[in-house]
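Participant: Need coordinates for the below:
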Amino acid sequence: MTPRFEILKRAGTARLGRLRTAHGVVDTPCFMPVGTRGAVKGVPPHELEALGATVLLANLYHLALRPGIDTIERLGGLHRFCGWSRALITDSGGFQVFSLAHLRAVDDGGVSFRSHLDGSAVRLTPESVVEMQERLGVDLAMVLDECPPWPVGEAAAEIALERTLRWARRARESRRREQTALYGVVQGSFYPRLRERAIRGLEPLEFDGYALGGVSVGEGPELSAATVARFGPALPEERPRYLMGLGTPADLLHGVRHGFDLFDCVLPARNARHGVLYTRDGVLRLKNAAFRDDERPVDPACGCPACLRVSRALLHHLLRSGEITGQVLATLHNLRFYLDFMGDLRQALASGSFDDSIARVARSHPGSEQHGGGPGRAVRGDGGPFRHGEGA
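Facilitator: As a prediction, the model looks like this:
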């Protein structure tokens with residue numbers, strides 16, 4: 001079946017929706033955990049399903065390098081290979097055009113990479129990216145795009161945008177498998193004229209969904225938040241809208257407020273491994289000495305395995321000791337928090353209490369009322385930021 005999307009209810013520009021795929025129904029707004037290589041680190045597929053995830057995101061570039069598209073196809077497709085029975089979405093490798101700039105060359109035909117694994121040549125074109133995603137059998141697929149970093153001059157951003165639009169037309173023409181929905185990606189950096197040009201260029205192609213790309217690429221929080229607010233409602237109304245790569249709970253709320261339906265980010269899984277956990281009362285940094293003797297669960301209102309079984313003190317000990325069990329429990333908690341958070345927003349939209357949700361999140365995540373709290377940043381052990389898409 002071709003994935004179908006319907007809007008059930010609105011609250012201003014926010015939408016409650018339902019996306020039907022061959023691998024189940026996805027209620028939106030929805031957070032999609034990132035399993036770059038086909039799995040979220042430390043979380044087997046049955047645990048991810050138990051947490052409530054309905055879509056898993058994997059990365060085409062990484063899967064194409066290892067184990068390879070031929071291998072996955074021979075073993076029955078990506079769902080069977082991953083042991084995942086629900087919906088799957090794959091990125092096109094477009095983010096690696098940004099994150100692996102030192103290993104690639106872009107031309108009008110596509111992108112040539114030197115593999116970060118062994119230096120071998122890898123070539124992605126708009127047509128090959130669609131073909132590979134269809135061979136994997138995924139439910140949702142992204143077109144190849146060029147994502148420039150920030151800062152970038154307007155002239156250079158326009159060249160990248162025009163190339164992305166040409167690639168989008170080629171990708172659309174190469175589609176063969178109707179069960180795989182194809183999504184166009186709106187680029188244009190932080191130049192409103194270019195973003196508007198991108199939407200005008202993509203809309204006549206009638207993609208199955210539309211994504212806002214090119215955020216969290218070096219800009220400040222005000223710039224990304226303004227872009228989300230301006231161009232979320234400008235995307236085609238009747239199709240799913242996907243905000244790529246952001247971020248914090250406040251970012252997600254900001255995106256929902258401005259009409260987005262689908263979200264992904266490495267933030268909850270990666271930050272969990274470094275002891276940064278999300279709760280209904282704000283963020284906890286469990287490696288801090290203050291939690292050494294704390295008998296409470298991470299979040300008393302949470303039903304994840306960590307909160308039901310162990311204390312903050314144990315997680316503090318495990319995380320400080322580098323014990324993998326602590327990282328796994330922390331990851332389970334953060335993913336459950338994000339999935340529950342989106343579930344709460346869906347319930348608020350359904351019941352007409354969405355404005356109350358905005359106020360509640362603003363209290364626990366300051367800044368969300370104004371602009372969404374800025375782009376989500378994963379935290380390294382030394383406190384510095386990671387870029388999005390570097391593998392969850």
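
Participant: so which strand or helix has the closest residue in space to E146 that isn't next to it in sequence?
Facilitator: Closest residue to E146 apart from its sequence neighbours, by CB to CB, 6 or more residues apart in numbering: A160 at 4.3 Å. No exception for glycine: its C-beta is placed from N, CA and C like everyone else's. Taking DSSP states H and E as the definition, A160 sits inside helix 154-174.

Participant: Touching whichever helix or strand comes after that helix from outside, list them.
Facilitator: Once helix 154-174 ends, the next helix or strand along the chain (criterion: DSSP H and E) is strand 181-186. Residues from elsewhere that reach strand 181-186 (CB atoms under 8 Å, 6 or more residues apart in numbering): 2-3, 21, 92, 94, 130, 139-143, 145, 164, 168, 171-172, 175, 195, 198-199, 202, 205, 207-214, 231, 235, 240, 242, 244.

Participant: Let's test this: mean pLDDT of strand 181-186, rounded?
Facilitator: When pLDDT is averaged along strand 181-186, the result is 98.

Participant: Could you spell out the sheet neighbours of it, each with its direction?
Facilitator: Each strand paired with strand 181-186, and its direction, by DSSP bridges: strand 140-142 (parallel), strand 209-212 (parallel).

Participant: So for stretch 146-156, what gets flagged as buried?
Facilitator: E146, C147, P148, W150, V152 (16 or more other CB atoms under 10 Å).

Participant: farthest pair in those?
Facilitator: Within those, E146 and W150 form the most distant pair, 13.7 Å apart (CB to CB).

Participant: so where's the protein uncertain?
Facilitator: Filtered on pLDDT under 70, the chain yields the residue ranges 362, 365-392.

Participant: tell me, what residue is most central in it?
Facilitator: The chain has D264 as the residue nearest its centroid, 1.7 Å off, counting by CA atoms, centre = their mean.

Participant: Now mean neighbour count and distance to D344 too, for the strands paired with strand 181-186, in JSON lines please.
Facilitator: Listed next are the strands paired with strand 181-186 as JSON lines, based on neighbours: other CB atoms under 10 Å; distance: least, CB to CB, whole Å:
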{"stretch": "strand 140-142", "mean neighbour count": "27", "distance to D344": "24"}
{"stretch": "strand 209-212", "mean neighbour count": "26", "distance to D344": "23"}
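
Participant: So for W84, which of the ones you listed sits nearest?
Facilitator: Checking the strands paired with strand 181-186 against W84 by CB to CB gives strand 140-142 as the closest, at 13.3 Å.

Participant: Check the spacing between E196 and G209 real quick.
Facilitator: Taking CB to CB, to the nearest Å as the measure, E196 falls 19 Å from G209.

Participant: closest to E295 among the buried residues of stretch 146-156?
Facilitator: Distances from E295 to the buried residues of stretch 146-156, taken as CB to CB, are shortest for W150 (44.9 Å).

Participant: Setting aside sequence neighbours, what's the nearest residue to F190?
Facilitator: L223 (5.4 Å).

Participant: and that neighbour, how many neighbours?
Facilitator: Neighbour count of L223, defined by other CB atoms under 10 Å: 17.

Participant: if I look at it, how far off is H254?
Facilitator: Computed as CB to CB, the L223 to H254 distance reads 13 Å.

Participant: Can you verify my assumption that T227 contacts A198?
Facilitator: No. The pair T227 and A198 does not pass the contact test of CB atoms under 8 Å, sitting 11.6 Å apart.
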